[in-house]
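how would this look folded up:
(chains A and B)
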Protein chains: 2
Amino acid sequence: MRILGIDPGSQRTGVGIIDVDAKGRSVHVFHETLTVLGEGGFPQRLKRIYDGLCAIIAEHRPGEVAIERVFMARNADSALKLGQARGAAICAAVSQGMSVHEYAASEVKQAVVGGGRADKTQVQHMVSVLLGLKGPIQADAGDALAIALTHAHTRASTARVGIPRSAWRRRR
Amino acid sequence: MRILGIDPGSQRTGVGIIDVDAKGRSVHVFHETLTVLGEGGFPQRLKRIYDGLCAIIAEHRPGEVAIERVFMARNADSALKLGQARGAAICAAVSQGMSVHEYAASEVKQAVVGGGRADKTQVQHMVSVLLGLKGPIQADAGDALAIALTHAHTRASTARVGIPRSAWRRRR
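Residues are numbered from 1 along each chain as shown, chains lettered A, B, ... in the order given. Alright, predicted model coming up:
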C-alpha cells in the first residue's frame, strides 16, 4: 500500500509518500515541499498547491491519503489561510477519487514517537529513524511523512486486532 | 460574457450565473445553493462543493469567476471551515483554467446597492430588481448573483474609462 501524507499550509505544503508492505514495514518513496510564498494572488497560490499535488498523485499513484486534522488555529486570519490551503489539498485528493483520512496532531505524535506530548524535533528525528533517511529534511515534508506513517501504523493495528484500538476510536 | 459568482460556505455554497451583453446589461442564467450540511465527513463535504461546482461550470461554461474576499471571520474555528470551503470552490474554478476575481463585501454592496454600508436585505432586493427575478431566492444564491453582478459592473466601468476606477484600485 502506498500512502500520501500531506501537511498543508498557505506558504508551504509538505508532501510525503511511503510504501507499507504486508508486514507493516514502511519505506520512504518521496518527499517534497511545495512553496507558494509570493507567487501571485491567493487563487494562484491555491492553484499551485492543487496542481502540485495532482501531479505528484499522477506520478506516484498513492492508494490512500492522510492529512493532519486541525482543531484550532492561532487566530481567525491564519485559520482562514490554512483552511483554504487545506481545502485545495483535500480537493486534489478527492478529485482523483481518493479517500482522505484525518489525524489529530496528538495521534501523529503518539504513532511516531509513542507519546502525545512529544515535541516537533522528536517527531522529525523519529521520521528519519523509521524511514532510514540520511540528514535533516525540510520540516513540512517531515511532518507529511509523519502523517503518512501514522496512517500506516493505524491501518496495521486495525488490521491486526480486527477492531479499532480504543485510542483511535474517538476519531471515527 | 458569462460570469459565475460563488458565495462559499462550509454548510451552504451559493452559486449564481449571469450573462452580460456588449452594452453591460446583465441577464440571469442560473442560480443554485449547494447544501452539504451533514453529508459525511469534512473531506466528503469539500468534494461535494468541488464536484458540484465542476458540474455547473461544465454545463454552463462561464468565462470568468467572481468570489467574495473574506477579511475576517468571526472566530478561528469558523474561519478554518470557511477557508476550506473557499479553497474547494477556488480549486474547482482554477482546475478548469478559469481566472478568479475577488471582491470585498463593501465592493459588492457599492456595486449592487450603491453604498458600502447597505444591509443584506437591500442587496437581495436589488439583485432581484436588477435581474428581474420573481419572488425571493435563497440568500446564499442571491449573494452569489450579487458577486457576479459586481464583477460585471467592474468589467464594464474598467472598459469604459480605460483604466481602473480609483475605488477599485486598492483591489489590484
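
is the longest helix anywhere in chain A anywhere near chain B?
Among the segments of chain A that qualify as a helix by DSSP state H, the longest is helix A:139-161. No: Helix A:139-161 is not in contact with chain B by Cβ under 8 Å from any Cβ of the partner chain; minimum separation 13.6 Å. In short, each C-beta sits where N, CA and C put it, glycine included.

Now name the helix or strand holding A:Gln44.
Take DSSP states H and E as the rule and A:Gln44 turns out to sit in helix A:42-60.

likewise A:Leu80?
Secondary structure (DSSP H and E) places A:Leu80 in helix A:76-94.

Flag every residue of chain A that's near chain B.
A:41-44, A:46-47, A:50, A:70, A:72-88, A:90-95, A:99-100, A:102.

hmm, 7 Å instead?
A:43, A:46-47, A:50, A:70, A:72-73, A:75-77, A:79-88, A:90-91, A:94-95, A:100 (Cβ under 7 Å from any Cβ of the partner chain).

what residue ranges in chain A score low on pLDDT?
A:39, A:71-73, A:158-172 (pLDDT under 70).

returning to what we had before: and the helix holding A:Gln44, what does it pack onto?
strand A:12-20, strand A:26-35, helix A:76-94, helix B:76-94 (3 or more Cβ pairs under 7 Å, 6 or more residues apart in numbering or on different chains; DSSP states H and E).

what's the following helix or strand after it?
Past helix A:42-60, the next helix or strand by DSSP H and E is strand A:64-69.

what residues does that following strand touch?
A:1, A:3-8, A:89-90, A:93, A:98-105, A:108, A:147-148, A:150-151 (Cβ atoms under 7 Å, 6 or more residues apart in numbering or on different chains).

How about stretch A:106-116?
Outside of stretch A:106-116, the residues within contact range by Cβ under 7 Å, 6+ apart are A:68, A:117-118, A:122-123, A:126-127, A:146-147, A:149-150, A:153-154, A:167, A:171.

List only buried entries from the contacts of strand A:64-69.
A:3-8, A:89-90, A:93, A:98, A:100-105, A:108, A:147-148, A:150-151 (16 or more other Cβ atoms under 10 Å in any protein chain shown).

So which of the helices and strands packed on helix A:42-60 is nearest B:Val29?
helix B:76-94 (16.5 Å; Cβ to Cβ).

Need the CA coordinates for that closest one. PDB is fine.
Extracted C-alpha coordinates of helix B:76-94, given in PDB (Å, rounded to 0.1, in the frame of the first residue of the first chain):
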ATOM      1  CA  ALA B  76     -10.700  30.800  14.300                       C
ATOM      2  CA  ASP B  77     -12.900  27.700  14.100                       C
ATOM      3  CA  SER B  78     -15.500  29.200  11.600                       C
ATOM      4  CA  ALA B  79     -12.600  30.800   9.700                       C
ATOM      5  CA  LEU B  80     -11.000  27.400   9.200                       C
ATOM      6  CA  LYS B  81     -14.200  25.800   7.900                       C
ATOM      7  CA  LEU B  82     -15.000  28.800   5.700                       C
ATOM      8  CA  GLY B  83     -11.400  28.700   4.400                       C
ATOM      9  CA  GLN B  84     -11.700  25.100   3.400                       C
ATOM     10  CA  ALA B  85     -15.000  25.600   1.600                       C
ATOM     11  CA  ARG B  86     -13.400  28.700  -0.200                       C
ATOM     12  CA  GLY B  87     -10.300  26.600  -1.100                       C
ATOM     13  CA  ALA B  88     -12.500  23.900  -2.600                       C
ATOM     14  CA  ALA B  89     -14.600  26.500  -4.600                       C
ATOM     15  CA  ILE B  90     -11.500  28.300  -5.900                       C
ATOM     16  CA  CYS B  91      -9.900  25.000  -6.900                       C
ATOM     17  CA  ALA B  92     -13.000  24.000  -8.900                       C
ATOM     18  CA  ALA B  93     -12.600  27.200 -10.900                       C
ATOM     19  CA  VAL B  94      -8.800  27.200 -11.400                       C
END
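
list the helices and strands that helix packs on?
Using 3+ Cβ pairs under 7 Å, 6+ apart: helix B:76-94 touches helix A:42-60, helix A:76-94, helix B:42-60, strand B:64-69, strand B:100-104.

ok now it, how far from the chain's centre?
How far helix B:76-94 lies from its chain's middle: 13 Å, per Cα atoms, centre = their mean, to the nearest Å.

got it, and stretch A:137-148?
So, by Cα atoms, centre = their mean, the centroid of stretch A:137-148 is 7 Å from its chain's centroid.

Perfect, I'm done here.
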